[in-house]
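In: show me how the following folds:
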Amino acid sequence: MRRYSLGAKIEHYFLALLESIFISLYLTPEKKIEQLTIAIAKLDGIKLFLQLAWENKCISQDKYINLSEQLNETGRMLGGWKKGLQKKTPAK
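Out: The predicted structure is shown next:
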């Protein structure tokens, strides 16, 4: 039961992450920064629930490592996108 609950939670956060990134593409720079902050929070949620799944032996260590590496790369890309926008957008 735990496996399916954690899997559903990860899936929910992953879909919300994709939605946030997609929405970010069409916003003004100021609103884009806000939406990217939400996307990064969703990514952190995925990482949290993935770690819980691994700690409860719902996924193998190899899968956990592979997914973690990919999520970390995604986090670096989102962080870089947000940082670039913050440099270009004047602070209010």
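In: how near is Ser20 to Leu85?
Out: Distance, Ser20 to Leu85, using CB to CB, to the nearest Å: 14 Å. Where you see a C-beta, it was placed from the backbone N, CA and C, and this is true even at glycine.
In: nope, Lys47 is what I was after
Out: In terms of CB to CB, Lys47 sits 22 Å off from Leu85.
In: so which of the two has more stuff around it?
Out: Lys47 (18 against 15; other CB atoms under 10 Å).
In: ok, that one - contacts?
Out: With contact taken as CB atoms under 8 Å, 6 or more residues apart in numbering, Lys47 is in contact with 68, 71.
In: repeat that with 7 Å
Out: Shown in contact with Lys47 (CB atoms under 7 Å, 6 or more residues apart in numbering): Leu71.
In: work out for me the element it sits within.
Out: Using DSSP states H and E, Lys47 falls within helix 29-55.
In: with Tyr26 instead?
Out: Tyr26 belongs to no helix or strand, assigned by DSSP H and E.
In: what's the burial count for it?
Out: Tyr26 has 9 nearby residues by other CB under 10 Å.
In: can we start the residue count at 30 from this point?
Out: That works, and once the first residue is 30, the last one we named lands at Tyr55.
In: done for today, thanks.
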